[in-house]
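In: Any chance you can model this:
(one chain, ligands or ions: 2)
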Amino acid sequence: MPATLSCRYPEGGITVGHFARNHWYVAAWSSEVGDKPFGRRLLGEPIVLFRQSDNSVAALLDRCPHRLVPLSMGVCKEGRIQCLYHGMQFDGTGRCVHIPAQTAAERFGLVWLWMGDPALADASLLPAIDKYGAPGWAVMSDGYQHHPSSYLNIIENLMDPSHTTFLHANTIGNPLAEDKPVTTEKNDRYIVAYRWVENSDPTPHDRRRIDVGDIKVDRGQYFYFHLPAMSRVETIVIPAGTARTEENLSSKGMRTHSYKFLTPETDSATHFFWLHVRNYQVGNEQAAANLRAALEQTFAEDLQIELAMQRAQEETGLRQVVALEIDRAPSLAVRMLKRMIEAEADRQPAKETA
Ligand code: FES
Ligand SMILES: [Fe+2]
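Out: Ligands and ions are numbered 1, 2, ... in the order given. Prediction:
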């Protein structure tokens with residue numbers, strides 16, 4: 001019988017239920033928070049969002065302090081939230097009745113919550129979105145999928161260019177990319193893995209979005225992971241041999257910035273918000289609809305893998321059995337996140353759990 005290979009959580013493991021809390025996480029699209037209270041579980045906690053009289057968003061723990069009925073079952077009344085059961089009303093601070101409140105901000109059409117110490121909430125730490133609202137660039141927003149898998153699996157997937165050749169053969173995959181090395185760089189806040197595949201045929205996805213004819217293209221892919229839970233994939237497709245100056249990349253290339261905001265619902269499920277910025281076919285609604293469908297198809301290809309991995313991980317208690325060279329960037333991303341969570345835990349007294 002072969003020896004059992006056991007490689008439990010090679011990145012050292014992140015303790016169940018521990019998240020980096022002193023950060024902004026996307027809680028919802030602004031359009032999701034309307035006249036009614038909106039409930040969603042974030043970082044393991046039930047949260048209710050609602051609009052106050054001045055239209056700003058407030059966020060409270062989604063539990064009535066009387067009988068713990070979810071406040072999201074109630075109604076909004078003059079900027080307050082009213083419990084369905086006995087009609088207690090609460091304002092956005094929750095203070096007078098001791099409901100924990102989260103600090104909220106709206107930007108890029110998204111509602112962001114600061115999930116940690118309110119005293120540390122700092123609007124200047126909200127992430128930037130490249131080219132959002134810039135002339136000549138189109139934004140595709142309101143993307144959301146529920147992924148029943150750990151956000152760690154999704155981070156690893158999004159930092160792993162090598163899977164695109166196989167899993168996404170019918171969408172963004174490119175067989176020529178298989179042997180191309182990936183370069184990885186990092187600083188304190190993010191890590192990037194990138195590669196250029198030169199003189200190759202356009203992918204099926206490229207062919208659908210633009211008429212590139214029979215020309216060969218150079219294709220650059222930059223996979224960024226910004227701590228604690230944002231991914232940005234920049235893709236550039238330009239005619240083969242074009243000098244890669246910043247000017248050429250934007251004027252002669254098709255460029256996209258594909259953002260994903262991964263907010264853990266729990267340890268084993270994730271809110272996958274996505275937003276896409278591009279410099280081609282701006283104002284073409286049919287092209288935008290086709291692109292949205294293609295992106296959703298690509299994300300669904302990842303989703304089925306993430307779900308299958310989650311099941312196998314829960315069954316075995318393992319994350320992987322062998323480590324490959326292609327795991328470098330994904331493992332580094334998870335290690336950086338683990339260090340961030342540990343550093344935060346060291347700075348703060350342990351959170352009391354009821
Ligand atoms: S349970 Fe909310 S008022 Fe009684
Ligand atoms: Fe993928």
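In: rest of the way, CA atoms for contacts and neighbours
Out: Will do.
In: so where's the stretch 51-200 of the chain uncertain?
Out: Scanning the stretch 51-200 of the chain with the threshold set as pLDDT under 70 gives 95-98, 172-179.
In: Please report phi then psi for the residue most central in space within the chain.
Out: Nearest to the mean C-alpha position of the chain, by C-alpha atoms, centre = their mean, lies residue 261 at 2.3 Å. Dihedral pair for residue 261: phi -110, psi 110, per degrees, to the nearest 10.
In: Residue 31 now?
Out: Backbone torsions of residue 31, given as degrees, to the nearest 10, read phi -70, psi -20.
In: ok, now how distant is it from residue 295?
Out: Per C-alpha to C-alpha, to the nearest Å, residue 31 is found 21 Å from residue 295.
In: do the same with residue 29
Out: 18 Å.
In: interface residues of the chain facing ligand 1?
Out: Within reach of ligand 1 by C-alpha under 6 Å from any ligand atom, the chain has these residues: 64, 66, 67, 68, 69, 83, 85, 86, 87, 88.
In: Residue 31 and residue 295: which is more packed in?
Out: Neighbours were counted for residue 31 and for residue 295 using other C-alpha atoms under 10 Å; residue 295 has more, 19 against 10.
In: Please, where are all the helices along this structure?
Out: Taking DSSP state H to define them, one finds helices in the chain at 151-158, 164-167, 204-209, 246-251, 285-316, 328-347.
In: Out of those, which one sits most buried?
Out: With neighbours taken as mean count of other C-alpha atoms under 10 Å, the helices of the chain reach their highest mean count in helix 151-158, at a mean of 22.
In: Okay, angle between that one and helix 328-347 too, please.
Out: 150 degrees (axes from the mean of the first three to the mean of the last three C-alpha atoms, to 10 degrees).
In: With only the CA atoms kept, save helix 151-158 in PDB.
Out: Taking Å, rounded to 0.1, in the frame of the first residue of the first chain, the C-alpha atoms of helix 151-158 are listed here in PDB:
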ATOM      1  CA  TYR A 151     -12.900  32.500   0.300                       C
ATOM      2  CA  LEU A 152      -9.500  31.000   0.600                       C
ATOM      3  CA  ASN A 153     -10.300  28.600  -2.300                       C
ATOM      4  CA  ILE A 154     -11.500  31.500  -4.300                       C
ATOM      5  CA  ILE A 155      -8.400  33.600  -3.600                       C
ATOM      6  CA  GLU A 156      -6.200  30.700  -4.600                       C
ATOM      7  CA  ASN A 157      -8.200  30.300  -7.800                       C
ATOM      8  CA  LEU A 158      -7.900  33.900  -8.700                       C
END
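In: hmm, back to that, from ligand 1, how far off is the residue nearest to the centre of the chain?
Out: In this view, residue 261 and ligand 1 are 32 Å apart by C-alpha to the nearest ligand atom, to the nearest Å.
In: right, and that residue touches residue 274 too?
Out: Yes - under the criterion of C-alpha atoms under 8 Å, residue 261 makes contact with residue 274 at 6.3 Å.
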